[in-house]
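Sequence plus predicted model, see below.
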Amino acid sequence: MQINKELSEMAKQIIILIFLSGGLLLGGCEKRQPPPQRPVPEVATVTVQPQQVALTTELPGRTSAYLIAEIRPQVNGLIQRRLFKEGSDVRAGQVLYQIDPSPFQATLDNAMATLGKANANLPAIRLRVERYRDLLADKAVSQQDFDDAAAAEKQVQAEIEYCKATVKSARINLGYTRITAPISGRIGKSNVTDGALVTAYQPMALTTIQQLDPIYVDVAQSTTDILRLRRLLKEGQLDQNGKNQQKVRLIMDDGTEYPMKGTLQFRDITVDPTTGSVILRVVFPNPKGILLPGMFVRALVQEGINKQAILIPQQAVSRNPKGDPLTLNVDAQGKVVQRQITLDRAIGNVWLVSSGITPGERVIVEGLLKIKPGVPVKAVPFKEDMQNSGKINYAAPPAKKN
(Lines give C-alpha, C1' and ligand atoms only; values in the text may rest on other atoms or scores of the structure.)
Protein backbone atom coordinates (compact mmCIF):
# COMPACT_ATOMS: atom_id res chain seq x y z
CA MET A 1 0.00 0.00 0.00
CA GLN A 2 2.82 2.43 0.82
CA ILE A 3 4.48 1.72 -2.53
CA ASN A 4 1.24 2.37 -4.42
CA LYS A 5 0.81 5.77 -2.74
CA GLU A 6 4.37 6.81 -3.65
CA LEU A 7 3.82 5.76 -7.28
CA SER A 8 0.59 7.77 -7.36
CA GLU A 9 2.33 10.92 -6.08
CA MET A 10 5.12 10.55 -8.64
CA ALA A 11 2.60 10.18 -11.41
CA LYS A 12 0.85 13.41 -10.39
CA GLN A 13 4.14 15.34 -10.41
CA ILE A 14 5.04 13.94 -13.84
CA ILE A 15 1.67 15.03 -15.23
CA ILE A 16 2.12 18.57 -13.82
CA LEU A 17 5.60 18.86 -15.36
CA ILE A 18 4.33 17.68 -18.74
CA PHE A 19 1.51 20.23 -18.60
CA LEU A 20 3.85 23.11 -17.74
CA SER A 21 6.33 22.12 -20.43
CA GLY A 22 3.59 22.03 -23.02
CA GLY A 23 2.40 25.51 -22.01
CA LEU A 24 5.89 26.90 -22.38
CA LEU A 25 6.29 25.33 -25.78
CA LEU A 26 2.97 26.71 -26.97
CA GLY A 27 3.84 30.19 -25.66
CA GLY A 28 7.17 30.16 -27.45
CA CYS A 29 5.46 29.36 -30.71
CA GLU A 30 3.24 32.45 -30.56
CA LYS A 31 4.49 35.74 -32.18
CA ARG A 32 5.51 38.67 -29.90
CA GLN A 33 3.22 41.76 -30.22
CA PRO A 34 5.08 45.18 -30.32
CA PRO A 35 4.03 47.74 -27.64
CA PRO A 36 1.56 50.42 -28.87
CA GLN A 37 3.21 53.70 -30.00
CA ARG A 38 2.25 56.92 -28.24
CA PRO A 39 0.81 59.67 -30.48
CA VAL A 40 2.96 62.76 -31.05
CA PRO A 41 1.66 65.50 -28.70
CA GLU A 42 0.07 68.52 -30.34
CA VAL A 43 0.97 72.02 -29.13
CA ALA A 44 -0.23 75.50 -30.10
CA THR A 45 2.54 77.94 -31.06
CA VAL A 46 2.94 81.56 -32.08
CA THR A 47 5.61 82.60 -34.56
CA VAL A 48 7.46 85.58 -33.13
CA GLN A 49 7.54 88.62 -35.41
CA PRO A 50 8.91 92.07 -34.48
CA GLN A 51 6.32 94.82 -34.35
CA GLN A 52 6.04 98.48 -33.43
CA VAL A 53 4.71 99.27 -29.96
CA ALA A 54 4.51 102.40 -27.85
CA LEU A 55 6.20 101.93 -24.48
CA THR A 56 4.79 103.76 -21.50
CA THR A 57 5.62 103.83 -17.83
CA GLU A 58 3.25 104.30 -14.92
CA LEU A 59 4.37 106.91 -12.40
CA PRO A 60 2.71 108.10 -9.19
CA GLY A 61 1.80 111.77 -8.99
CA ARG A 62 -0.20 114.43 -7.25
CA THR A 63 -2.31 117.26 -8.60
CA SER A 64 -1.62 120.91 -7.83
CA ALA A 65 -3.32 124.14 -8.80
CA TYR A 66 -2.20 125.90 -11.98
CA LEU A 67 -2.18 129.27 -10.21
CA ILE A 68 -2.45 130.03 -6.49
CA ALA A 69 -3.07 133.50 -5.01
CA GLU A 70 -3.09 134.12 -1.26
CA ILE A 71 -5.15 137.22 -0.57
CA ARG A 72 -3.65 139.65 1.97
CA PRO A 73 -4.53 143.29 2.75
CA GLN A 74 -2.14 146.01 1.59
CA VAL A 75 -3.38 148.64 4.08
CA ASN A 76 -4.43 148.63 7.72
CA GLY A 77 -8.09 148.85 8.43
CA LEU A 78 -11.39 147.36 9.49
CA ILE A 79 -13.19 144.83 7.28
CA GLN A 80 -16.62 146.27 6.48
CA ARG A 81 -17.98 143.52 4.23
CA ARG A 82 -17.06 140.22 2.66
CA LEU A 83 -18.34 140.31 -0.93
CA PHE A 84 -17.94 136.71 -2.13
CA LYS A 85 -19.40 133.28 -1.46
CA GLU A 86 -16.97 130.75 -0.06
CA GLY A 87 -16.15 127.93 -2.47
CA SER A 88 -17.43 129.79 -5.52
CA ASP A 89 -15.66 130.71 -8.74
CA VAL A 90 -14.43 134.30 -8.90
CA ARG A 91 -13.02 136.29 -11.78
CA ALA A 92 -9.95 138.47 -11.85
CA GLY A 93 -10.71 142.00 -10.59
CA GLN A 94 -13.77 140.97 -8.58
CA VAL A 95 -14.03 142.75 -5.20
CA LEU A 96 -13.63 140.28 -2.34
CA TYR A 97 -13.43 142.47 0.79
CA GLN A 98 -14.21 146.10 1.54
CA ILE A 99 -12.03 147.82 4.15
CA ASP A 100 -13.41 150.97 5.80
CA PRO A 101 -12.33 153.71 3.32
CA SER A 102 -13.09 156.76 5.51
CA PRO A 103 -9.56 157.48 6.84
CA PHE A 104 -8.01 156.91 3.42
CA GLN A 105 -10.57 159.17 1.77
CA ALA A 106 -9.71 161.89 4.29
CA THR A 107 -6.00 161.49 3.57
CA LEU A 108 -6.67 161.82 -0.14
CA ASP A 109 -8.78 164.94 0.37
CA ASN A 110 -6.04 166.49 2.50
CA ALA A 111 -3.41 165.75 -0.14
CA MET A 112 -5.56 167.22 -2.87
CA ALA A 113 -6.14 170.37 -0.82
CA THR A 114 -2.39 170.81 -0.29
CA LEU A 115 -1.86 170.36 -4.01
CA GLY A 116 -4.49 172.97 -4.75
CA LYS A 117 -2.80 175.42 -2.36
CA ALA A 118 0.55 174.93 -4.06
CA ASN A 119 -0.99 175.41 -7.48
CA ALA A 120 -2.63 178.62 -6.30
CA ASN A 121 0.72 180.11 -5.17
CA LEU A 122 2.53 179.31 -8.40
CA PRO A 123 1.02 182.03 -10.73
CA ALA A 124 1.83 184.91 -8.37
CA ILE A 125 5.40 183.80 -7.86
CA ARG A 126 5.84 183.21 -11.59
CA LEU A 127 4.62 186.79 -12.36
CA ARG A 128 7.02 188.19 -9.73
CA VAL A 129 9.92 186.46 -11.44
CA GLU A 130 8.91 187.90 -14.81
CA ARG A 131 8.71 191.45 -13.38
CA TYR A 132 12.03 191.12 -11.62
CA ARG A 133 13.60 189.96 -14.85
CA ASP A 134 12.46 193.18 -16.63
CA LEU A 135 13.48 195.40 -13.72
CA LEU A 136 16.86 193.69 -13.48
CA ALA A 137 17.66 194.86 -16.99
CA ASP A 138 17.01 198.49 -15.90
CA LYS A 139 18.94 197.96 -12.64
CA ALA A 140 15.70 198.65 -10.72
CA VAL A 141 16.13 195.53 -8.55
CA SER A 142 19.19 193.77 -7.36
CA GLN A 143 20.40 190.46 -8.65
CA GLN A 144 19.77 188.98 -5.22
CA ASP A 145 16.09 189.89 -5.30
CA PHE A 146 15.74 188.24 -8.71
CA ASP A 147 17.53 185.10 -7.54
CA ASP A 148 15.29 184.85 -4.47
CA ALA A 149 12.16 185.13 -6.62
CA ALA A 150 13.43 182.49 -9.07
CA ALA A 151 14.27 180.14 -6.17
CA ALA A 152 10.81 180.67 -4.68
CA GLU A 153 9.27 179.69 -8.04
CA LYS A 154 11.27 176.45 -8.17
CA GLN A 155 10.35 175.68 -4.58
CA VAL A 156 6.64 176.05 -5.32
CA GLN A 157 7.02 173.80 -8.39
CA ALA A 158 8.73 171.18 -6.23
CA GLU A 159 5.95 171.41 -3.67
CA ILE A 160 3.42 170.86 -6.43
CA GLU A 161 5.22 167.69 -7.60
CA TYR A 162 5.42 166.47 -4.00
CA CYS A 163 1.72 167.09 -3.52
CA LYS A 164 0.95 165.24 -6.73
CA ALA A 165 2.89 162.23 -5.47
CA THR A 166 1.07 162.44 -2.14
CA VAL A 167 -2.28 162.53 -3.90
CA LYS A 168 -1.29 159.53 -6.02
CA SER A 169 -0.19 157.56 -2.96
CA ALA A 170 -3.38 158.45 -1.09
CA ARG A 171 -5.47 157.41 -4.10
CA ILE A 172 -3.64 154.07 -4.31
CA ASN A 173 -4.18 153.40 -0.62
CA LEU A 174 -7.83 154.28 -1.01
CA GLY A 175 -8.03 151.76 -3.86
CA TYR A 176 -6.44 149.13 -1.64
CA THR A 177 -9.46 149.31 0.63
CA ARG A 178 -11.24 147.34 -2.10
CA ILE A 179 -9.45 143.97 -1.99
CA THR A 180 -9.86 142.36 -5.42
CA ALA A 181 -9.07 138.95 -6.90
CA PRO A 182 -5.74 138.96 -8.79
CA ILE A 183 -6.61 135.79 -10.76
CA SER A 184 -9.71 133.89 -11.81
CA GLY A 185 -10.37 130.61 -10.07
CA ARG A 186 -12.11 128.94 -7.16
CA ILE A 187 -11.94 130.71 -3.83
CA GLY A 188 -11.66 128.92 -0.51
CA LYS A 189 -12.97 129.70 2.92
CA SER A 190 -12.55 133.13 4.47
CA ASN A 191 -10.29 133.41 7.50
CA VAL A 192 -11.84 136.71 8.67
CA THR A 193 -15.34 138.00 9.14
CA ASP A 194 -16.96 141.42 8.94
CA GLY A 195 -15.56 143.73 11.60
CA ALA A 196 -12.15 142.08 11.76
CA LEU A 197 -9.11 144.34 12.06
CA VAL A 198 -6.42 143.57 9.47
CA THR A 199 -2.90 144.88 8.89
CA ALA A 200 -0.96 145.42 5.70
CA TYR A 201 0.87 142.29 4.43
CA GLN A 202 -0.06 140.28 7.49
CA PRO A 203 1.24 136.66 7.68
CA MET A 204 -2.24 135.10 7.68
CA ALA A 205 -4.00 135.17 4.31
CA LEU A 206 -7.59 136.36 4.24
CA THR A 207 -8.44 133.62 1.74
CA THR A 208 -6.89 131.69 -1.16
CA ILE A 209 -7.81 131.50 -4.84
CA GLN A 210 -6.75 128.51 -6.95
CA GLN A 211 -7.03 128.20 -10.70
CA LEU A 212 -8.05 124.61 -11.49
CA ASP A 213 -8.49 124.73 -15.27
CA PRO A 214 -5.96 123.75 -16.44
CA ILE A 215 -4.33 121.89 -13.56
CA TYR A 216 -0.83 120.54 -12.89
CA VAL A 217 0.05 116.91 -12.20
CA ASP A 218 3.54 116.49 -10.72
CA VAL A 219 4.90 112.94 -11.06
CA ALA A 220 8.20 111.50 -9.83
CA GLN A 221 10.52 109.52 -12.11
CA SER A 222 13.54 107.70 -10.72
CA THR A 223 17.00 108.43 -12.03
CA THR A 224 17.33 104.68 -12.76
CA ASP A 225 14.54 104.95 -15.33
CA ILE A 226 16.09 108.06 -16.81
CA LEU A 227 19.47 106.35 -17.26
CA ARG A 228 17.77 103.29 -18.76
CA LEU A 229 15.90 105.43 -21.29
CA ARG A 230 19.08 107.21 -22.28
CA ARG A 231 20.81 103.86 -22.84
CA LEU A 232 17.94 102.58 -24.99
CA LEU A 233 17.96 105.78 -27.04
CA LYS A 234 21.71 105.54 -27.53
CA GLU A 235 21.43 101.90 -28.65
CA GLY A 236 18.65 102.78 -31.08
CA GLN A 237 16.08 100.54 -29.38
CA LEU A 238 13.78 103.46 -28.61
CA ASP A 239 12.51 106.34 -30.70
CA GLN A 240 11.19 109.47 -28.98
CA ASN A 241 10.06 111.26 -32.13
CA GLY A 242 6.49 110.03 -32.01
CA LYS A 243 3.64 112.49 -32.50
CA ASN A 244 2.13 111.52 -29.13
CA GLN A 245 5.42 111.65 -27.26
CA GLN A 246 4.32 114.59 -25.09
CA LYS A 247 0.82 113.20 -24.41
CA VAL A 248 0.13 111.72 -20.98
CA ARG A 249 -2.82 109.66 -19.77
CA LEU A 250 -4.10 109.73 -16.21
CA ILE A 251 -5.49 106.99 -13.98
CA MET A 252 -7.64 108.18 -11.09
CA ASP A 253 -7.40 106.86 -7.54
CA ASP A 254 -10.43 104.60 -8.11
CA GLY A 255 -8.84 102.97 -11.17
CA THR A 256 -10.82 104.83 -13.85
CA GLU A 257 -9.06 106.68 -16.63
CA TYR A 258 -9.37 110.46 -16.84
CA PRO A 259 -11.16 111.28 -20.12
CA MET A 260 -8.68 113.93 -21.29
CA LYS A 261 -4.98 113.67 -22.08
CA GLY A 262 -2.36 115.96 -20.64
CA THR A 263 0.78 117.48 -22.09
CA LEU A 264 4.23 116.93 -20.62
CA GLN A 265 5.53 120.42 -19.89
CA PHE A 266 9.03 119.85 -18.55
CA ARG A 267 11.36 117.57 -16.60
CA ASP A 268 13.05 119.05 -13.58
CA ILE A 269 16.87 118.96 -13.49
CA THR A 270 17.25 118.63 -9.72
CA VAL A 271 17.26 115.17 -8.13
CA ASP A 272 15.50 114.81 -4.79
CA PRO A 273 18.20 113.32 -2.50
CA THR A 274 15.63 111.54 -0.31
CA THR A 275 13.88 109.67 -3.16
CA GLY A 276 16.45 109.70 -5.96
CA SER A 277 13.88 111.00 -8.44
CA VAL A 278 13.08 114.05 -10.51
CA ILE A 279 9.72 115.76 -11.01
CA LEU A 280 7.84 115.70 -14.31
CA ARG A 281 5.16 118.38 -14.64
CA VAL A 282 2.13 117.62 -16.79
CA VAL A 283 -0.69 120.03 -17.64
CA PHE A 284 -4.22 118.59 -17.88
CA PRO A 285 -7.40 120.38 -18.96
CA ASN A 286 -9.96 120.35 -16.17
CA PRO A 287 -13.11 122.09 -17.44
CA LYS A 288 -15.49 120.14 -15.17
CA GLY A 289 -13.36 120.46 -12.04
CA ILE A 290 -12.96 116.68 -11.62
CA LEU A 291 -9.32 117.04 -10.60
CA LEU A 292 -8.78 118.83 -7.29
CA PRO A 293 -5.47 119.97 -5.78
CA GLY A 294 -3.74 117.33 -3.68
CA MET A 295 -5.27 114.24 -5.32
CA PHE A 296 -3.07 111.14 -5.75
CA VAL A 297 -3.11 109.87 -9.35
CA ARG A 298 -1.08 107.64 -11.68
CA ALA A 299 0.27 109.04 -14.92
CA LEU A 300 1.01 106.92 -17.99
CA VAL A 301 3.97 108.66 -19.60
CA GLN A 302 5.10 107.55 -23.05
CA GLU A 303 8.79 106.62 -23.07
CA GLY A 304 9.06 106.17 -26.82
CA ILE A 305 8.40 103.83 -29.74
CA ASN A 306 10.04 100.40 -29.97
CA LYS A 307 9.93 99.53 -33.66
CA GLN A 308 11.34 96.00 -33.22
CA ALA A 309 9.45 94.81 -30.16
CA ILE A 310 9.24 91.07 -29.44
CA LEU A 311 5.91 90.24 -27.79
CA ILE A 312 4.72 86.83 -26.58
CA PRO A 313 1.58 85.79 -24.67
CA GLN A 314 2.02 85.74 -20.92
CA GLN A 315 0.79 82.14 -20.65
CA ALA A 316 3.79 81.00 -22.74
CA VAL A 317 6.22 81.98 -19.97
CA SER A 318 7.10 79.75 -17.03
CA ARG A 319 9.80 80.06 -14.39
CA ASN A 320 12.49 77.81 -12.99
CA PRO A 321 13.10 77.37 -9.23
CA LYS A 322 15.33 80.46 -9.28
CA GLY A 323 12.53 82.55 -10.73
CA ASP A 324 14.14 83.00 -14.16
CA PRO A 325 11.59 83.24 -17.02
CA LEU A 326 11.61 80.34 -19.52
CA THR A 327 9.82 79.40 -22.74
CA LEU A 328 9.51 76.15 -24.64
CA ASN A 329 9.99 76.52 -28.38
CA VAL A 330 9.72 74.24 -31.39
CA ASP A 331 12.92 74.02 -33.45
CA ALA A 332 13.30 73.31 -37.15
CA GLN A 333 13.30 69.51 -36.52
CA GLY A 334 9.98 69.72 -34.70
CA LYS A 335 11.44 69.06 -31.27
CA VAL A 336 10.95 71.01 -28.05
CA VAL A 337 13.81 73.26 -26.93
CA GLN A 338 13.99 75.39 -23.81
CA ARG A 339 14.94 79.08 -23.88
CA GLN A 340 15.85 81.32 -20.96
CA ILE A 341 14.64 84.83 -21.71
CA THR A 342 14.75 88.33 -20.24
CA LEU A 343 11.48 90.18 -19.77
CA ASP A 344 11.17 93.94 -19.92
CA ARG A 345 7.57 94.52 -18.85
CA ALA A 346 3.99 93.37 -19.24
CA ILE A 347 1.93 95.12 -21.91
CA GLY A 348 -1.67 94.13 -21.46
CA ASN A 349 -1.78 90.30 -21.73
CA VAL A 350 1.62 89.92 -23.41
CA TRP A 351 5.26 90.15 -22.32
CA LEU A 352 7.80 92.42 -23.94
CA VAL A 353 10.97 90.30 -24.34
CA SER A 354 14.37 91.99 -24.10
CA SER A 355 16.52 89.00 -25.06
CA GLY A 356 16.46 85.22 -25.48
CA ILE A 357 14.06 85.00 -28.44
CA THR A 358 14.74 85.92 -32.06
CA PRO A 359 12.21 86.71 -34.79
CA GLY A 360 10.86 83.64 -36.57
CA GLU A 361 10.99 81.29 -33.55
CA ARG A 362 7.90 79.28 -32.68
CA VAL A 363 6.96 79.68 -29.02
CA ILE A 364 4.64 77.12 -27.44
CA VAL A 365 1.59 78.72 -25.84
CA GLU A 366 -0.64 75.73 -25.06
CA GLY A 367 0.14 72.11 -24.33
CA LEU A 368 3.06 72.82 -22.00
CA LEU A 369 2.06 70.25 -19.37
CA LYS A 370 2.41 67.22 -21.66
CA ILE A 371 5.84 67.96 -23.15
CA LYS A 372 9.46 68.38 -22.12
CA PRO A 373 12.66 69.47 -23.89
CA GLY A 374 13.79 67.06 -26.65
CA VAL A 375 10.34 65.57 -27.29
CA PRO A 376 9.04 65.71 -30.89
CA VAL A 377 5.74 67.55 -31.16
CA LYS A 378 3.19 68.54 -33.74
CA ALA A 379 2.95 72.34 -33.87
CA VAL A 380 -0.31 74.03 -34.85
CA PRO A 381 -0.96 77.78 -34.99
CA PHE A 382 -2.22 79.34 -31.79
CA LYS A 383 -5.72 80.73 -32.25
CA GLU A 384 -7.07 83.71 -30.37
CA ASP A 385 -10.29 81.94 -29.45
CA MET A 386 -8.20 79.32 -27.58
CA GLN A 387 -7.51 81.92 -24.89
CA ASN A 388 -9.86 82.03 -21.96
CA SER A 389 -9.15 85.73 -21.49
CA GLY A 390 -10.08 86.63 -25.04
CA LYS A 391 -8.19 88.40 -27.75
CA ILE A 392 -4.44 88.97 -27.55
CA ASN A 393 -4.03 92.72 -27.62
CA TYR A 394 -0.48 93.57 -28.58
CA ALA A 395 -1.24 97.30 -28.35
CA ALA A 396 -2.92 97.11 -24.97
CA PRO A 397 -2.22 99.81 -22.40
CA PRO A 398 0.88 99.03 -20.34
CA ALA A 399 0.85 97.81 -16.78
CA LYS A 400 3.51 98.16 -14.14
CA LYS A 401 7.02 96.98 -14.80
CA ASN A 402 7.89 93.41 -14.00
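Looks like it arrived, so ask away. Residues are numbered from 1 along each chain as shown.

Could you pull up the contacting residues of residue 52?
By CB atoms under 8 Å, 6 or more residues apart in numbering, the residues touching residue 52 are 305-307, 309. For every residue, glycine as well, the C-beta is placed using N, CA and C.

Try it again at 7 Å.
If you count contacts by CB atoms under 7 Å, 6 or more residues apart in numbering, residue 52 has them with 305, 307, 309.

Check residue 258 too.
If a contact means CB under 7 Å, 6+ apart, then residue 258 has 250, 252 as its contacts.

Let's see that with 10 Å instead.
By CB atoms under 10 Å, 6 or more residues apart in numbering, the contact list for residue 258 reads 217, 248-252, 284-286, 290-291, 297, 299.

Could you list the buried residues of the longest helix belonging to the chain?
What stands out as the longest helix in the chain, according to DSSP state H, is helix 102-137. When burial is assessed from 16 or more other CB atoms under 10 Å, helix 102-137 yields the following buried residues: 103-104, 107-108, 111-112, 114-115, 118, 125, 128-129, 132, 136.

Between those residues, which sits nearest residue 69?
residue 104 (23.1 Å; CB to CB).

Just give the closest residue to that closest one, not the sequence neighbours.
Using CB to CB, 6 or more residues apart in numbering and skipping the chain neighbours, the partner closest in space to residue 104 is residue 174 (4.2 Å).

re the thing from before, from the buried residues of helix 102-137, pick the one nearest residue 94.
When these are compared for distance to residue 94, the smallest value, 20.6 Å, is given by residue 104; criterion: CB to CB.

Quickly list the domain ranges of the protein.
Structural domains of the chain, as assigned by automatic domain parsing, span the residue ranges 47-64+212-401, 73-100+177-204, 102-174.

quick one on the thing from earlier: quick one: average pLDDT of the helix or strand just after the longest helix of the chain?
Sequence order places helix 143-175 as the next helix or strand after helix 102-137, per DSSP states H and E. In this model, helix 143-175 carries a mean pLDDT of 89.

in helix 143-175, what's buried?
Under the neighbour-count criterion of 16+ other CB under 10 Å, helix 143-175 has 146, 149, 152-153, 156, 159-160, 163, 166-167, 170-171, 173-174 buried.

Report the distance from that helix to the chain centre.
Relative to the centre of its chain, helix 143-175 is centred 60 Å away, using CA atoms, centre = their mean, to the nearest Å.

do the same with stretch 313-326
The chain centroid and the centroid of stretch 313-326 are separated by 31 Å, computed with CA atoms, centre = their mean.

now stretch 363-371
Computed by CA atoms, centre = their mean, the separation of stretch 363-371 from the middle of its chain amounts to 40 Å.

Likewise for stretch 298-311?
Centroid displacement of stretch 298-311 relative to its chain, using CA atoms, centre = their mean, is 15 Å.

Next up, the contacts around residue 213.
With contacts taken as CB under 10 Å, 6+ apart, residue 213 has the following neighbours: 66, 89, 184-186, 284-289, 291.

can you do 7 Å?
When contacts are counted by CB under 7 Å, 6+ apart, residue 213 is found next to 285-287.

Residue 79: which of those residues is nearest?
Each of the contacts of residue 213 was scored against residue 79 by CB to CB, and residue 286 proved nearest at 32.0 Å.

If I look at the closest one, what pLDDT would I see?
Residue 286 is assigned a pLDDT of 93 by the prediction.

Then residue 28?
46.

How about residue 180?
At residue 180, the predicted lDDT confidence score is 95.

Surely it and residue 90 touch.
No: using CB atoms under 7 Å, residue 180 makes no contact with residue 90, being 9.3 Å away.

quick one: which of the two has more around it?
The residue with the greater number of neighbours, taking residue 180 and residue 90 and applying other CB atoms under 10 Å, is residue 90; the counts read 20 against 16.

From residue 134, how far out is that one?
Between residue 90 and residue 134 the computed distance is 64 Å (CB to CB, to the nearest Å).

same question, residue 83
Counting by CB to CB, the gap from residue 83 to residue 134 is 61 Å.

any low-confidence regions in the stretch 201-350 of the chain?
Judged against pLDDT under 70, the low-scoring parts of the stretch 201-350 of the chain cover residues 235-245.

Now with 80, please.
Judged by pLDDT under 80, the stretch 201-350 of the chain has its weakly predicted residues at 225-246, 303-304.

Neighbours of residue 323, how many?
Residue 323 has 6 neighbours, counted by other CB under 10 Å.

what sits against residue 119?
Contacts of residue 119 were listed using CB under 7 Å, 6+ apart, and they are residue 160.

Equivalent analysis for the one 3 residues further on, please.
By CB under 7 Å, 6+ apart, the contact set of residue 122 is 156-157, 160.

So which residues of the chain form helices?
Taking DSSP H as the criterion, the chain carries its helices at 2-29, 102-137, 143-175, 223-235.

Let's check: the centremost residue of this protein is which one?
Nearest residue to the geometric centre of the chain (CA atoms, centre = their mean): residue 299, 3.3 Å.

didn't that one look like it was pressed against residue 250?
Yes: counting by CB under 7 Å, residue 299 sits close enough to residue 250 to count as a contact (5.8 Å).

who touches both of these two?
Applying CB under 7 Å, 6+ apart, one finds that residue 299 and residue 250 are jointly contacted by residue 217.

follow-up on the earlier one: just the buried residues of the contacts of residue 258.
Burial of the contacts of residue 258 was assessed by neighbour count (16+ other CB under 10 Å); the buried members are 217, 248-251, 284, 286, 291, 297, 299.
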